[in-house]
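Student: Build me a model:
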Amino acid sequence: MTTINKTLSIALVALGLTLSACGGGSDGNSSNNNSSIGWSADPDWIKKPDGSGSSDNSGNTPSGGNTVSIRVDNSMGGINMLSATITLCVPGTQGGSQCTTVDRMVVDTGSVGVRIMASALPTLRSQLLTQVGAVDDVSGVAPIAECMPFGSGTTWGSVKRADVTIGSRTASNIPIQLIGDGAYAIPSDCVAHGGPDLSTVEKLGANGILGIGYGTQDSKDALTTALPGNYYYCTGANACFNTRMTVGKEVMNPVAAFPRDNNGTIIRLPKLPAGGQASVTGELIFGIGTQSNNALPSNVNILALDEHGEFTTQYQGQAFNWSALDSGTNGFAFQDDSIPTTSGWYTPSSALNLAATMEATSGKGAPVKMPFTIDNALRMSANGYAAYDNVGWYQSSLRMFMWGLPFFYGRSVYTTVGISAIGKQNGSFVAF
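Tutor: Residues are numbered from 1 along each chain as shown. Presented below is the predicted three-dimensional model:
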């Protein structure tokens, strides 16, 4: 997930959001991809028999018991911001004052871990268990805090433990980040390494981040190195020190902690009509190849991921090896100096039909030639809609190409969690 908080007009306030925390086979045509699913803008799978829609009040949909409703609308103040609702409880308890249901959680395949604003838990936050026992804390009892760097800034706050329920699946007693709880002053090296502090609802544009990317824990490097701008143990309000972590105490992917359907996720969003759509409802499905509703198709495009959860994109003669399918990025984010921009957003005079090739950085598997469209973000957003599949912005990194939420419309996008054996596929991969 990466954020570009640049404004073109009132309609585009908070337009740019990217939350990428870096740490098959195609038909080969530029106009067709057989694994894309041409749903209508109002797909049948989100309707009950009476036409009222399939979600119950918890956001869970009946198919397989492993499906929850996800949505793109204007409730988070920007475009292409995919959200879900979760419930947090004090570990080992269910219901009453020990649980809180939180909406407007950004669904992010580009990061790992549940990160929730303290302001969204006004009564519960003081009841959550405090995570202690960092590797470099000789006392063993100092609270742990985290500075999590994203492409657009950082989230800072204490590490707590909670039961996290998404639909009918619960991750029990997992470490989460409580963003902006005010317990400890943000360290200077957090801002220096991660950029602006995003630890308020206004700055992030959401109540939190539901990180369901490829990893199980959020920082492999912190297991061996006390990194600046990552994990800290805190002996006082203004005394937090860099630390190494153990695997079981790092903020973790909630899907990995589910008792079943825990080897990956599928995001399904309908195809958009020309000009975008006011709002969109889709599905988040847990598990890959574990039930009849999450089987991996035989004709799917599969991209193996490297140890950082990334692959390579070839675009106009340049290789971008920090590439990801990232639902937390609200546009195609890449570098092309030939396309005009306004406040960082691509604003060509007319729509550009472009193409790039996705490939595993290791060279494993078949490359996938992928067409995409970039239109004028200012012109497109004038209708005030929330969902567009043809907007992008200038990415300053020479190595990064983010296939953001526009890529997800009209497709099933599969993301494995951890190193899994799924059918004939081994290791971490994304597929569509």
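Student: can you list the domain ranges for the chain.
Tutor: Per the record, the chain has its domains at 66-257, 268-431, by automatic domain parsing.
Student: Please tabulate those domains in TSV, including the columns mean pLDDT.
Tutor: Listed next are these as TSV, based on pLDDT from 0 to 100:
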stretch	mean pLDDT
domain 66-257	95
domain 268-431	95
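Student: I'd like to know which elements the lengthiest strand in the chain is packed against.
Tutor: Ranked by number of residues, the top strand in the chain under DSSP state E is strand 153-166. Packing partners of strand 153-166 (3 or more CB pairs under 8 Å, 6 or more residues apart in numbering; DSSP states H and E): strand 82-89, strand 112-117, strand 129-130, strand 144-150, strand 169-179, helix 188-194. For glycine as for every other residue, the C-beta is placed from the backbone atoms N, C-alpha and C.
Student: closest one to residue 251 among those?
Tutor: Nearest to residue 251, of all those, is strand 112-117, at 3.7 Å by CB to CB.
Student: Run me through the strand neighbours of the closest one, direction for each.
Tutor: strand 169-179 (parallel), strand 208-212 (antiparallel) (DSSP bridges).
Student: can those go into a markdown table with extra columns for mean neighbour count and distance to residue 378?
Tutor: A markdown table is the format used below for the strands paired with strand 112-117 (neighbours: other CB atoms under 10 Å; distance: least, CB to CB, whole Å):
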| stretch | mean neighbour count | distance to residue 378 |
| --- | --- | --- |
| strand 169-179 | 23 | 31 |
| strand 208-212 | 30 | 27 |
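Student: can you redo the ones you listed as a markdown table with distance to residue 390?
Tutor: Formatted as a markdown table, these follow (distance: least, CB to CB, whole Å):
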| stretch | distance to residue 390 |
| --- | --- |
| strand 169-179 | 32 |
| strand 208-212 | 25 |
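Student: And the helices and strands packed on strand 153-166: which comes nearest residue 247?
Tutor: Closest among those, using CB to CB: strand 169-179, at 10.4 Å.
Student: Now do the closest one and strand 153-166, the angle between them.
Tutor: Strand 169-179 and strand 153-166 meet at an angle of 150 degrees, taking axes from the mean of the first three to the mean of the last three CA atoms, to 10 degrees as the criterion.
Student: circling back to that earlier point, do you know which of the strands paired with strand 112-117 lies nearest residue 297?
Tutor: strand 208-212 (20.5 Å).
Student: Any idea how far the closest one is from the middle of the chain?
Tutor: Mean-position distance between strand 208-212 and its chain equals 6 Å (CA atoms, centre = their mean, to the nearest Å).
Student: Name the residues that touch it?
Tutor: 1, 19, 21, 84, 86, 102, 104-117, 120, 155, 166, 179, 218, 253-255, 265, 284, 328, 415, 417 (CB atoms under 8 Å, 6 or more residues apart in numbering).
Student: same question, stretch 213-224
Tutor: Counting by CB under 8 Å, 6+ apart, residues outside stretch 213-224 touching it are 21, 23, 108-113, 148, 211, 227, 230-231, 243-247, 250-253, 256, 305, 307, 309, 415-418, 428, 430.
Student: Now it: buried residues?
Tutor: Of the residues in stretch 213-224, 213-219, 222 count as buried by neighbour count, 16 or more other CB atoms under 10 Å.
Student: Same question for stretch 397-409.
Tutor: 399-409.
Student: which one of these is nearest residue 273?
Tutor: Closest approach to residue 273 among these (CB to CB): residue 409, at 10.3 Å.
Student: For the closest one, give me the backbone phi and psi.
Tutor: Residue 409 adopts backbone torsions of phi -70, psi 130, taken as degrees, to the nearest 10.
Student: Relative to residue 368, how far out is the residue nearest to residue 315 when sequence neighbours are not counted?
Tutor: Closest residue to residue 315 apart from its sequence neighbours, by CB to CB, 6 or more residues apart in numbering: residue 356 at 4.1 Å. Distance from residue 356 to residue 368, counting by CB to CB, to the nearest Å: 9 Å.
Student: and what of residue 276?
Tutor: Applying CB to CB to residue 276 and residue 368 gives a distance of 25 Å.
Student: Can you report how many residues neighbour residue 139?
Tutor: By other CB atoms under 10 Å, the residues close to residue 139 number 10.
Student: so is it in a helix, a strand, or just coil?
Tutor: coil (DSSP: H, G, I helix; E, B strand; the rest coil).
Student: Identify all contacting residues around stretch 420-429.
Tutor: Here stretch 420-429 makes contact (CB under 8 Å, 6+ apart) with 214, 263-264, 288-289, 296, 302-305, 309, 414, 416, 418-419.
Student: related to what we said a few turns ago, so for residue 319, which of the helices and strands packed on strand 153-166 sits nearest?
Tutor: Of the helices and strands packed on strand 153-166, nearest to residue 319 by CB to CB is strand 144-150, at 23.4 Å.
Student: Name the residues of that closest one that come out as buried.
Tutor: 144-150.
Student: and if you look at stretch 358-376?
Tutor: Those would be 358-361, 365, 367-370, 372, 374-376, for stretch 358-376 by 16+ other CB under 10 Å.
Student: From these, pick the one nearest residue 194.
Tutor: Nearest member of those to residue 194, counting by CB to CB, is residue 361, at 24.5 Å.
Student: measure the closest one to residue 327 for me?
Tutor: Counting by CB to CB, the gap from residue 361 to residue 327 is 21 Å.
Student: Write down the beta-bridge partners of the residue nearest the centre of the chain, one by one.
Tutor: What sits nearest the mean C-alpha location of the chain, by CA atoms, centre = their mean, is residue 108, with 0.9 Å. For residue 108, the beta-bridge partners are residue 211 (DSSP bridges).
Student: That one touches residue 325, doesn't it?
Tutor: No. Under the criterion of CB atoms under 8 Å, residue 108 lies out of contact with residue 325, with a separation of 11.3 Å.
Student: For the stretch 201-350 of the chain, which segments count as strands?
Tutor: Using DSSP state E, counting those that start in this stretch, the strands found in the stretch 201-350 of the chain span residues 208-212, 231-236, 239-242, 264-269, 280-286, 302-304, 311-315, 318-325, 332-334, 341-342, 345-346.
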